[in-house]
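In: Here's a sequence, model it:
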Amino acid sequence: MNPETSALDDRDIFNKLARHEGLRKLRASFDFLLGQPVWWLSFKLNGNSNTLKKYMEASYEIWPDPRVQDFRFTRPLYHALKKRSRETHPFVCAAPKGVPHYCVPLAVEQRVIGHLGLTGLRKGVRHETLALLSESLSLLLENCLKTEELNRLSATIRPRAVALSTVHTVHRIINSTLNLDELISRLAHLTAQVLRANRCAIYIVQAASKAKQKKRLICKALVGYPKHDMPAARASVGNRVEWHVAKTAEIIRRKKFICIPMIDEDVIGVMVISSKKDKKEFTYFDQEILTTLAEEAVIAIKNAQLYEEQKKVTLSTIQSLALILGTRVPTLSSPEAFLGLTLHVADELKLGEEETQALHYATLLKDTAKIGIPEEILRKPAKLTGEEYQLLREHPIKGAKIVQSFETLKPVVPIILYVREKYDGTGYPEGLKGEKIPMGARILSVINAFEAIIMGRPYRDRASINEALDEITRNSGTQFDPKVVDAFIRVVKREGFDKFLKKALIKPK
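Out: The predicted structure is shown next:
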């Protein structure tokens, strides 16, 4: 056993014995038989006679006997105990004026952690009485030892149980979002909660963009830091603990903080926790829990990073396709012109991450099917013939077929397919009504109408934003979902948003 750990455990065992109700009852049972001596209790003697004196005085808290506070034999008793400090069987020490001290060593696993003493025994005390006292004290000490062992076992098992629970919780976080910033924020809050820490920071290593540039640590999440005391968002290479851990992959644990690397093939980030809520020091078990959490966090972060990269590739492909589509009808706005408006409406309606992303892509691809429509129909200023109108009605189906060929765009298909449906069920291609129309399609339907009104079409002149809002309001409940219309109008009427729209539109040549 580690000597430092042993000393700590011995102190705990001794303190448990000193607080044990059985020790008080022991005196009540034996005091009369022993002639009412002075009872005292002392921890192992690692100091001098003054140390023994303090323990003597502290014995008053166990047995309120004023005589123990005015004990006159401390120095000779101390030297007598030091000479026999390794003995594990009861013994008698002589003292000045012939006053005997009966000492019972507190022996735990063949080591003495202290003594119970009786000073001033009456003459003629039976040996059997002293043996029974010694045996009773041994039972009390054994009880304290078992309690300490259970506490120690609990302290060993608890971090592992917490670690297992943490793994389960991290798995739930992984499955709940693939948004990198949101994921890291949740991980930081979870880490602070599990470790019962006031503060947590998570840094991600950013690769150098140029050959001579150095890597950077980007602070992606902070929990519990006052605004005036927040670390810099970008940590430069230097003597900071975070950078030392990032460069060496070492774990640094101090009394008030733990800094741990997040390792994949290389260090991808650093987690720091500090300031325990109970103001105690961080332990090795805290470090074990944080290590387990960091291992799971790496998996979650790498998945989110891969997802972000896939999103960038997908978005780049969509933007290229939208650019090609935009060249066919140069009088329309660019594909991105109304994207901000669409996403603001989605946020106003509190759409989830996946729904918002699908709507994002659908907004850029809303004119996909126009690839199959002759340009003269798209540009025709007069009313369409029945055959031409039927061809135009088929374009949502054609658009959906084009999009569904891309695996990553499958959530976009229902939006493009049903964007021409009307809230009252008179739309096409299937005549869906009300809530049966996907929310993304209901939002994009309003956006498309708004764009057509204020941008104009070959068959109609441009209108003002206020005129467009009036027309959309008149069609609320018939063509459009009233909830979407209300959210849309709130967004457009926000201060400065109409100015943004005017700048985003392509001016007619």
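
In: For the rest of this, base every contact and every neighbour count on C-alpha atoms.
Out: OK.

In: Mind pulling up the pLDDT for D65?
Out: Note on D65: pLDDT of 90.

In: Distance of it relative to R19?
Out: Distance of D65 to R19, computed by C-alpha to C-alpha, to the nearest Å: 16 Å.

In: now swap in E394 and tell me
Out: For E394 relative to R19 (C-alpha to C-alpha), the value is 86 Å.

In: Can you pick out the residue with more neighbours from the two?
Out: Just comparing E394 and R19: by other C-alpha atoms under 10 Å the higher neighbour count belongs to E394, 16 against 13.

In: quick one: contacts for the more buried one?
Out: E394 makes contacts with P429, as judged by C-alpha atoms under 8 Å, 6 or more residues apart in numbering.

In: Repeat that for T291.
Out: With the criterion set at C-alpha under 8 Å, 6+ apart, T291 makes contact with I260.

In: any chance you could map the strands in the protein?
Out: In the chain, the segments counted as strands under DSSP state E are 38-43, 91-93, 101-108, 111-119, 197-206, 216-223, 234-235, 252-253, 257-263, 267-276.

In: Report all helices and strands that the fourth one contacts.
Out: Applying 3 or more C-alpha pairs under 8 Å, 6 or more residues apart in numbering; DSSP states H and E, one finds that strand 111-119 contacts helix 3-19, strand 38-43, strand 101-108.

In: How about it, which residues are buried there?
Out: By neighbour count with 16 or more other C-alpha atoms under 10 Å, strand 111-119 contains the buried residues 112-119.

In: would you list these in JSON lines and tack on pLDDT and distance to L290?
Out: What follows is those, written out as JSON lines (pLDDT from 0 to 100; distance: C-alpha to C-alpha, whole Å):
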{"residue": "V112", "pLDDT": "91", "distance to L290": "37"}
{"residue": "I113", "pLDDT": "91", "distance to L290": "35"}
{"residue": "G114", "pLDDT": "92", "distance to L290": "38"}
{"residue": "H115", "pLDDT": "93", "distance to L290": "41"}
{"residue": "L116", "pLDDT": "94", "distance to L290": "43"}
{"residue": "G117", "pLDDT": "92", "distance to L290": "46"}
{"residue": "L118", "pLDDT": "92", "distance to L290": "50"}
{"residue": "T119", "pLDDT": "90", "distance to L290": "52"}
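
In: nearest to V412, of the residues you listed?
Out: For these, the minimum distance to V412 (C-alpha to C-alpha) is 73.4 Å, reached by I113.

In: Would you mind listing the residues in contact with that closest one?
Out: With the criterion set at C-alpha under 8 Å, 6+ apart, I113 makes contact with 10-11, 14, 43-44, 105-107.

In: Between which two of these is the distance greatest?
Out: That would be R11 and P105, which, of the contacts of I113, are the farthest apart (C-alpha to C-alpha) at 14.9 Å.

In: who's more crowded, the two?
Out: For R11 versus P105, the count of surrounding residues by other C-alpha under 10 Å is larger for P105: 27 against 16.

In: ok, now which ones touch the more buried one?
Out: Listed by C-alpha under 8 Å, 6+ apart, the contact set of P105 reads 87-90, 112-116.

In: so which of the residues you listed comes closest to L130?
Out: Using C-alpha to C-alpha, the shortest approach to L130 within the contacts of P105 belongs to P90, at 9.0 Å.

In: Quick check: closest non-adjacent residue to the closest one.
Out: Among residues not flanking P90 along the chain, V104 sits closest, at 4.4 Å (C-alpha to C-alpha, 6 or more residues apart in numbering).

In: give me the number of residues near that neighbour?
Out: Neighbours of V104 under the rule other C-alpha under 10 Å: 25.

In: So in terms of bridging, what pairs with it?
Out: When bridges are called by DSSP bridges, V104 pairs up with L116.

In: What distance do you get for it to K276?
Out: Separation of V104 from K276 (C-alpha to C-alpha): 41 Å.

In: Check Y55 too.
Out: 32 Å.

In: so what's the nearest residue to F450 once chain neighbours are set aside up against?
Out: With sequence-adjacent residues excluded and distances taken as C-alpha to C-alpha, 6+ apart, F450 is closest to A468, at 6.1 Å. Neighbouring residues of A468 by C-alpha under 8 Å, 6+ apart: 450, 453-454.

In: Just those: which are in helices?
Out: Those of the contacts of A468 mapping onto helices are 450, 453-454, per DSSP state H.

In: would you list those in JSON lines and tack on neighbour count, distance to A304 and pLDDT?
Out: Shown next, in JSON lines, are the ones in helices among the contacts of A468 (neighbours: other C-alpha atoms under 10 Å; distance: C-alpha to C-alpha, whole Å; pLDDT from 0 to 100):
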{"residue": "F450", "neighbour count": "21", "distance to A304": "35", "pLDDT": "89"}
{"residue": "I453", "neighbour count": "21", "distance to A304": "40", "pLDDT": "86"}
{"residue": "I454", "neighbour count": "19", "distance to A304": "39", "pLDDT": "83"}
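
In: got those residues as JSON lines, with distance to A441 columns?
Out: Conversion of the ones in helices among the contacts of A468 to JSON lines gives the following (distance: C-alpha to C-alpha, whole Å):
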{"residue": "F450", "distance to A441": "14"}
{"residue": "I453", "distance to A441": "18"}
{"residue": "I454", "distance to A441": "20"}
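
In: close enough to count as contact, S275 and F257?
Out: Yes - contact criterion C-alpha atoms under 8 Å: S275 and F257 qualify, at 6.5 Å.

In: Name the nearest residue to A197, sequence neighbours excluded.
Out: Counting by C-alpha to C-alpha, 6+ apart, the residue nearest A197 is K276, at 4.2 Å.

In: correct me, but that neighbour touches V194?
Out: No - K276 is beyond contact range of V194, at 10.9 Å (criterion: C-alpha under 8 Å).

In: if I look at the closest residue in space to V112 that isn't next to it in sequence, how far off is E142?
Out: Spatial nearest neighbour of V112, excluding adjacent residues (C-alpha to C-alpha, 6+ apart): L106 at 5.5 Å. Taking C-alpha to C-alpha as the measure, L106 and E142 are separated by 10 Å.
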